[in-house]
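[1] curious how this folds, go ahead:
(2 chains)
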Number of protein chains: 2
Amino acid sequence: MNTEPAEAFQARVAKHAALADPARLRIVDLLTLGDLSPTELQAELGMPSNLLSHHLRALEGAGLATRHRSEADRRRSYFRLAADALEGLAPGAGRGASRVLFLCTRNSARSQLAAALWNQVSGIPCISAGTHPAGSISPGAIDVARRHGVALAHVSPRRLEDVGRDDDFVVTVCDNAHEELSGRRGIHWSIPDPLRLNTREAFEDAFTDISHRVRDLAPRLRAA
Amino acid sequence: MNTEPAEAFQARVAKHAALADPARLRIVDLLTLGDLSPTELQAELGMPSNLLSHHLRALEGAGLATRHRSEADRRRSYFRLAADALEGLAPGAGRGASRVLFLCTRNSARSQLAAALWNQVSGIPCISAGTHPAGSISPGAIDVARRHGVALAHVSPRRLEDVGRDDDFVVTVCDNAHEELSGRRGIHWSIPDPLRLNTREAFEDAFTDISHRVRDLAPRLRAA
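    Just a heads-up that it's a prediction; the model follows:
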């Protein structure tokens, strides 16, 4: 499941450890804007030079900052943020998928919304299905989609067995479907069923939750 | 200089501390894709349940994860990544500026390139100037800009005293100018002088360095 090399993972742990100190986090914050000499940092932080040196060495050791000699006064050096220093903190792209399958129980609301939103942000094809499909898409889902300018595909709820493929990257968007299918390849989004309350607000909440998750996942799946 | 509230800063320190542990970073990596129950996490990580509980409490305490009860099996709960959990790790927008002034010694290469690149990515106006301006823009700067499809403004090098304003947000792009003007409001980018080697590669390196820094700074300055 985890495709990141062990060294890269350890490097991220080390970066977080280096940033888990207020003085070092402050130094890095300052370096995200521009380069600073030890003297300038000392003035900014009000910190004894030996303590500052300790922190700067820790930041260099974690690959967060690098030191360069001034082209003017050669006795002076500048610290700068290492290239991509803060890019590896959160995980990057991870999985390959030839098709995404959004799955809930009835395929009448959450999975339909997820599929419509997915098509707006990703070139990887997707479908939706249900473990026990309803007869039609829920009016609340159609309404919330329309309020946000999203067109739901004109497809009736469909059974997983009829449309699913073994190589689908399955995203279960309801707890029931996830627990019914435990062990299947994919991920789970525990999104409350908007049909339980069946209010406009419940559909808005589900829509917002699904949009955020879709937007976060899309850049992390690569077409396979 | 630091406009972030103390509590927000401490919260970032606490998040890094929580992530400075391999097991917890791994849990968060998994949660960035989808929600997981403690049982699923245990299977994924091969970790005793009491140790896992400890780590999950630490992640909840740092505001990185939240727990929700399953809608299906009510004895089960799912952990999900907290909203914007990983957004506050790197610093956000910071400074206000009515105009940006890119400054080097001769205003013949680095500051000219910085101003041209800035105009591509920010609506905040900018100018460039030199502490001791040359007679004309360096041919190497014009060439590297053209290779990257960037047009340099047709302005001769200008003196800081002639064009600078007291409220400019000054970005010094050479060590000499920075050290000559120490104390002035703004930031410093210690970019090696491409004219020292005066090779195509030296100009390419300077161009790349300046582009990255401009692209990183632009979203962090707000028009003032």
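
[2] and stretch A:46-65, what's buried?
    Buried positions in stretch A:46-65, judged by neighbour count with 16 or more other CB atoms under 10 Å in any protein chain shown: A:47, A:52, A:55-56, A:58-59, A:62-65. Heads up, the C-betas are built off the backbone N, CA and C, glycines and all.

[3] how about the secondary structure of A:A151?
    Secondary structure, DSSP: H, G, I helix; E, B strand; the rest coil: A:A151 is coil.

[4] can you list the domains in chain A?
    Taking automatic domain parsing as the domain assignment, the record places the domains of chain A at A:6-81, A:95-223.

[5] how far does the last one sit from the chain's center?
    Taking CA atoms, centre = their mean, to the nearest Å, one finds domain A:95-223 lying 17 Å from the centre of the chain it belongs to.

[6] and chain B, is that domain touching that?
    Yes - with CB under 8 Å from any CB of the partner chain as the criterion, chain B is reached by domain A:95-223 at A:95, A:171, A:174-176, A:178-180, A:186-190, A:192-193, A:196, A:212, A:216-217, A:220.

[7] returning to that earlier point: turn the domains of chain A into TSV, columns for mean pLDDT.
    Supplementary listing: those in TSV, determined by pLDDT from 0 to 100:
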stretch	mean pLDDT
domain A:6-81	92
domain A:95-223	92
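
[8] turn these into CSV, columns for distance to B:A18.
    Supplementary listing: the domains of chain A in CSV, determined by distance: least, CB to CB, whole Å:
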stretch, distance to B:A18
domain A:6-81, 8
domain A:95-223, 20
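
[9] to B:R75, which of these lies closest?
    The minimum distance between B:R75 and the domains of chain A falls on domain A:95-223, with 10.9 Å, by CB to CB.

[10] A:S128 should be in a strand, yeah?
    Yes - assessed by three-state DSSP, A:S128 belongs to a strand.

[11] does it touch A:L103 like I think?
    Yes - using CB atoms under 8 Å, A:S128 is in contact with A:L103, at 7.1 Å.

[12] quick check: neighbours shared by those two?
    Between them, A:S128 and A:L103 have A:S111 as joint contacts when contacts are counted by CB atoms under 8 Å, 6 or more residues apart in numbering or on different chains.

[13] buried subset of the residues of domain A:95-223 next to chain B?
    Buried members of these, scored by 16+ other CB under 10 Å, are A:95, A:171, A:174-176, A:178-180, A:186-190, A:192-193, A:217.

[14] among the residues you listed, which ones are in strands?
    Using DSSP state E, A:95, A:171, A:186-188 are the members of those that sit in strands.

[15] so which of these is the closest to chain B?
    The closest of those to chain B turns out to be A:I187 (CB to the nearest CB; 3.1 Å).

[16] contacts only, for the closest residue in space to that closest one that isn't next to it in sequence.
    What sits nearest to A:I187 in space, not counting adjacent residues and going by CB to CB, 6 or more residues apart in numbering or on different chains, is B:G34, at 3.1 Å. Taking CB under 8 Å, 6+ apart as the definition of contact, the neighbours of B:G34 are A:171, A:186-189.

[17] which helix of chain A spans the most residues?
    Scanning chain A for the helix with the most residues, using DSSP state H, yields helix A:200-217.

[18] okay, buried residues for it please.
    In terms of neighbour count (16+ other CB under 10 Å), helix A:200-217 has its buried residues at A:202-207, A:209-211, A:213-214, A:217.

[19] and A:A83, how many neighbours?
    Neighbour count of A:A83, defined by other CB atoms under 10 Å in any protein chain shown: 11.

[20] whoops, I mixed them up, A:A14
    Under the criterion other CB under 10 Å, the count of neighbours that A:A14 has is 16.

[21] now name the helix or strand holding it.
    Under the criterion of DSSP states H and E, A:A14 resides in helix A:6-19.

[22] helix B:6-19 and that helix, what's the angle between them?
    Taking axes from the mean of the first three to the mean of the last three CA atoms, to 10 degrees, one finds helix A:6-19 and helix B:6-19 inclined to each other by 150 degrees.

[23] OK, contacts around A:D167?
    A:D167 is in contact with A:98-99, counting by CB under 8 Å, 6+ apart.

[24] name the SS class of it, please.
    Secondary structure assignment for A:D167 (three-state DSSP): coil.

[25] now the two most distant members of the contacts of B:G34.
    In the contacts of B:G34, the most distant members under the criterion CB to CB are A:G186 and A:W189, with 10.2 Å between them.

[26] against B:R215, how distant is A:L51?
    Here the distance between A:L51 and B:R215 works out to 33 Å (CB to CB, to the nearest Å).

[27] whoops, A:F207 was the one
    From A:F207 across to B:R215, the span is 32 Å (CB to CB).

[28] for chain A, which segments count as helices?
    Chain-ordered helices for chain A, with DSSP H as the definition, fall at A:6-19, A:22-31, A:38-45, A:49-61, A:110-121, A:139-147, A:160-163, A:175-180, A:194-197, A:200-217.

[29] got those helices as a markdown table, with distance to A:S77 columns?
    What follows is the helices of chain A, written out as a markdown table (distance: least, CB to CB, whole Å):
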| stretch | distance to A:S77 |
| --- | --- |
| helix A:6-19 | 19 |
| helix A:22-31 | 13 |
| helix A:38-45 | 7 |
| helix A:49-61 | 10 |
| helix A:110-121 | 44 |
| helix A:139-147 | 57 |
| helix A:160-163 | 62 |
| helix A:175-180 | 54 |
| helix A:194-197 | 58 |
| helix A:200-217 | 39 |
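
[30] lovely, talk soon.
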